[in-house]
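**Q** Here is a sequence with its predicted model. Questions after.
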Amino acid sequence: MWIKALDKLLTRMKSCGFDFSRVKALSGSGQQHGSVFWRKGAAQTLRSLDPDLDLSQNLQDSFSVQDSPVWMDSSCRPQCDALERAAGGALTLAQITGSRAYERFTGNQICKVFQTRPEEFKLTERISLVSSFAASLFLGRFAPIDLSDGCGMNLLDLSQSDWSELCLNACAPGLRPLLAAPVPSSSVLGPVCSYLVTRFGFSERCSVVAFTGDNPASLAGMRLKPGDIAVSLGTSDTVFLWLQFPRPALEGHVFINPVDPQHHMALLCFKNGSLARERVRDESGGSWSHFSSALTDTPLGNHGNIGFYFDVLEILPAAVGVHRFDAHNNKVSSFPAHTEVRALVEGQFLSKRLHAEKLGYTIVPGTRVLATGGASSNPQILQVLSDVFNAPVYTIDSSNSTCLGSAYRALHGLLAESGVSFSDAVKKGSEPKLAATPDPEAKQVYDEMLKRFAQLEDRVLLESRPQD
Ligand code: ADP
């Protein structure tokens, strides 16, 4: 399916008159955590692609596993438990690889294929991630996995920028040659293969820069800088962090940074985003303008009232239900409508700050908060975001940020060899727009409130834990 999609895309571009010969470099991104199992002999097939045939015809017998495991597969809990045991616990595994064991992470998926489909595993010549698989189609040989996407496997040792022997051994014997050495994300892997030159008119000098995962590519597309935090306010809320000194924890994911391998990035997902905001909006007047007025009419810190609004089981923290506390930390059953709105929005942003700081994030002078997603069109919500983080908030258009990020990375790959940094390579891109600056009182109010919020979150977590 993936190869046919690429065949179709390239064929349509050609029929639209796209001039492939002008492309100097290309890169790309693939959904994180998916894997492709190439069958023995695939390297030879890739080297000798017939330009009279589609890629899908050329490669139809090149896979040992027909249905690629992807991130939506959560069937390998036993393999995750075994990996955490082998590492000496979930936290130790997180400290080595950046994440505790997750069912969707590729190492655990590989382990399951090894255990349950030994014949197919034996026939395997190489295992790619979706990203390095796609890069292989452009290169005409197996492309290495890049360090950033490689961190989504539970196999890579962050401190070594190489596979962890311990994790490889716990996953499947003889795995290292099947994965080959990972490479920095800005590596130029080589020129496009002759198949693409002959069939589509690419230049022989067009460089293929390592492909990466969709989340790292999105960070590149948003042009995050050291110290920045990007907050996507969509159906779910997602936070991207640029980390210099990560502290991998039991929650969240730390990856090697796709635009600077000396640094890291982290990803935090919060399930109760816009849908919770919409519910509270509907219960407090029914319109975004009422909701926004409630934020303007209430003071920073909400007179000490704090709320947690987990309509569905939250990821961070793993708690459910609505929990409200007054200024004396007493549980209360309701707030006045305006207080409720501010408690929701402050609570959502305090939670993002708390969990970002747990992973090693610190707000420093110059920190920018980049806001995207549907709710970033609301200036009053952005004002609370700015106050809670005590940093200016900028809005960015992140639609297609993974594609844009891939184009930026291709450009950077060309320039990186002569020492140009990513931010210099992409400095002509459009600048984010300043949307809010923090209130002078914000630091004092929210530094204090964050401490209380952390204690109350622990309490909520204990109280909402499912009963045995
Ligand atoms: P998705 O995650 O589906 O891509 P979007 O980023 O498009 O979501 O965001 C959609 C959400 O934006 C809607 O669910 C809606 O609640 C929210 N939204 C749209 N306009 C506003 C607004 N003015 N204030 C607050 N939230 C808004």
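**A** Looks like it came in fine. Just so we're clear, the structure is a prediction, and the values are computed from it rather than from any experiment.
**Q** which residue ranges form the strands in the stretch 1-150 of the chain?
**A** In the stretch 1-150 of the chain, the segments counted as strands under DSSP state E, counting those that start in this stretch are 25-26, 29-30, 35-39, 124-129.
**Q** Give me the nearest residue to the residue of the stretch 151-300 of the chain found nearest the ligand, chain neighbours excluded.
**A** Among all residues of the stretch 151-300 of the chain, G234 sits closest to the ligand, at 2.5 Å; criterion: C-beta to the nearest ligand atom. Quick note: C-beta positions are derived from backbone N, CA and C, even for glycine. Once flanking residues are discounted, G234 sits nearest to G373: 3.9 Å by C-beta to C-beta, 6 or more residues apart in numbering.
**Q** Contacts only, for the residue of the stretch 151-300 of the chain closest to the ligand.
**A** With contacts defined as C-beta atoms under 8 Å, 6 or more residues apart in numbering, G234 is in contact with G273, S274, T372, G373, G374, A375.
**Q** Report the separation between it and L385.
**A** G234 sits 14 Å away from L385, going by C-beta to C-beta, to the nearest Å.
**Q** Now do the same contact list for the residue nearest to G234.
**A** By C-beta under 8 Å, 6+ apart, the residues touching G373 are V231, S232, L233, G234, D237, G273, S274, S398.
**Q** List phi and psi for it.
**A** Main-chain dihedrals, G373, degrees, to the nearest 10: phi 90, psi 170.
**Q** how close does it sit to I363?
**A** As defined by C-beta to C-beta, G373 lies at a distance of 21 Å from I363.
**Q** Kindly report the same for V393.
**A** 12 Å.
**Q** neighbour count winner among these two?
**A** Shown here are V393 and I363; by other C-beta atoms under 10 Å, V393 has more neighbours (27 against 17).
**Q** Run through the residues that contact the nearest residue to Y408 once chain neighbours are set aside.
**A** Nearest non-adjacent residue to Y408, counting by C-beta to C-beta, 6+ apart: V426, 4.7 Å away. With contact taken as C-beta under 8 Å, 6+ apart, V426 is in contact with R223, Y408, L411, H412.
**Q** now, among these, which is nearest to E457?
**A** Among these, R223 lies closest to E457 (C-beta to C-beta), at 31.9 Å.
**Q** Share the number of residues neighbouring the residue in the chain that the ligand sits nearest to, please.
**A** Closest residue of the chain to the ligand, C-beta to the nearest ligand atom: G374 (1.9 Å). G374 sits with 13 neighbouring residues when counted by other C-beta under 10 Å.
**Q** and what of T402?
**A** Number of residues near T402 (other C-beta under 10 Å) recorded here: 22.
**Q** Got the phi and psi for V369?
**A** phi -100, psi 120.
**Q** and it, what does it touch?
**A** Applying C-beta under 8 Å, 6+ apart to V369 gives the contacts D228, I229, A230, V231, L385, S386, F389, A391, P392, V393, Y394.
**Q** sorry, back to before: how about the residue of the chain closest to the ligand, what does it touch?
**A** With contact set as C-beta under 8 Å, 6+ apart, G374 has these partners: L233, G234, S274.
**Q** Next to the ligand, which bits of the stretch 251-400 of the chain? Give me the list.
**A** Applying C-beta under 6 Å from any ligand atom, we find that the stretch 251-400 of the chain lies next to the ligand at S274, R277, E278, W288, G373, G374, A375, S377, N378, I381.
**Q** Compare those and tell me which has the most neighbours.
**A** In terms of neighbours by other C-beta under 10 Å, those top out with I381 at 25 neighbours.
**Q** about what we covered before: can you redo the strands of the stretch 1-150 of the chain as JSON lines with mean neighbour count, mean pLDDT and distance to the ligand?
**A** JSON lines is the format used below for those (neighbours: other C-beta atoms under 10 Å; pLDDT from 0 to 100; distance: least, C-beta to the nearest ligand atom, whole Å):
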{"stretch": "strand 25-26", "mean neighbour count": "20", "mean pLDDT": "98", "distance to the ligand": "26"}
{"stretch": "strand 29-30", "mean neighbour count": "25", "mean pLDDT": "96", "distance to the ligand": "17"}
{"stretch": "strand 35-39", "mean neighbour count": "22", "mean pLDDT": "98", "distance to the ligand": "26"}
{"stretch": "strand 124-129", "mean neighbour count": "24", "mean pLDDT": "98", "distance to the ligand": "24"}
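**Q** Please report phi then psi for the residue nearest the centre of the chain.
**A** By C-alpha atoms, centre = their mean, the mean C-alpha position of the chain lies nearest to N215, the distance being 3.3 Å. The phi and psi torsions at N215 (degrees, to the nearest 10) take the values phi -70, psi -50.
**Q** Strands of the stretch 301-450 of the chain, start to end?
**A** For the stretch 301-450 of the chain, strands defined by DSSP E, counting those that start in this stretch occupy the ranges 306-310, 321-325, 331-332, 369-372, 393-395, 433-436.
**Q** Which among these is found nearest to D50?
**A** Once these are compared by C-beta to C-beta, strand 369-372 is nearest, at 43.5 Å.
**Q** pLDDT of the closest one, averaged?
**A** Across strand 369-372, pLDDT averages out at 94.
**Q** in the protein, which ranges drop under the pLDDT threshold?
**A** Counting by pLDDT under 70, the chain has low-confidence residues at 465-468.
**Q** starting at the chain centroid, how far to stretch 420-438?
**A** Distance, stretch centre to chain centre, for stretch 420-438: 20 Å (C-alpha atoms, centre = their mean, to the nearest Å).
**Q** What of stretch 422-441?
**A** With C-alpha atoms, centre = their mean as the basis, stretch 422-441 stands 21 Å off its chain's centre.
**Q** Now that stretch: buried residues?
**A** Judged by neighbour count (16 or more other C-beta atoms under 10 Å), stretch 422-441 contains these buried residues: F422, A425, V426, P432, A435, A436, P438, D439.
**Q** So that stretch, near the ligand or not?
**A** No: counting by C-beta under 6 Å from any ligand atom, the ligand is not contacted by stretch 422-441; separation bottoms out at 12.7 Å.
**Q** Straight-line length of that stretch, end to end?
**A** One end of stretch 422-441 to the other measures 35 Å (C-alpha to C-alpha, to the nearest Å).
**Q** could we number from 22 for the rest of this?
**A** Okay, using 22 as the starting number, the last item reads as stretch 443-462.
**Q** can you list the contacts of V447 in TSV and add distance to P212 and neighbour count?
**A** Below are those laid out as TSV (distance: C-beta to C-beta, whole Å; neighbours: other C-beta atoms under 10 Å):
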residue	distance to P212	neighbour count
R244	27	23
Y429	20	22
L432	16	20
H433	18	24
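**Q** Grab the two from those that are most spread out in space.
**A** R244 and L432 (11.9 Å).
**Q** can you give me the strands in the stretch 172-321 of the chain?
**A** So, for the stretch 172-321 of the chain - with DSSP E, counting those that start in this stretch - the strands run 177-178, 183-184, 209-212, 228-230, 233-234, 250-254, 258-264, 274-277, 285-291.
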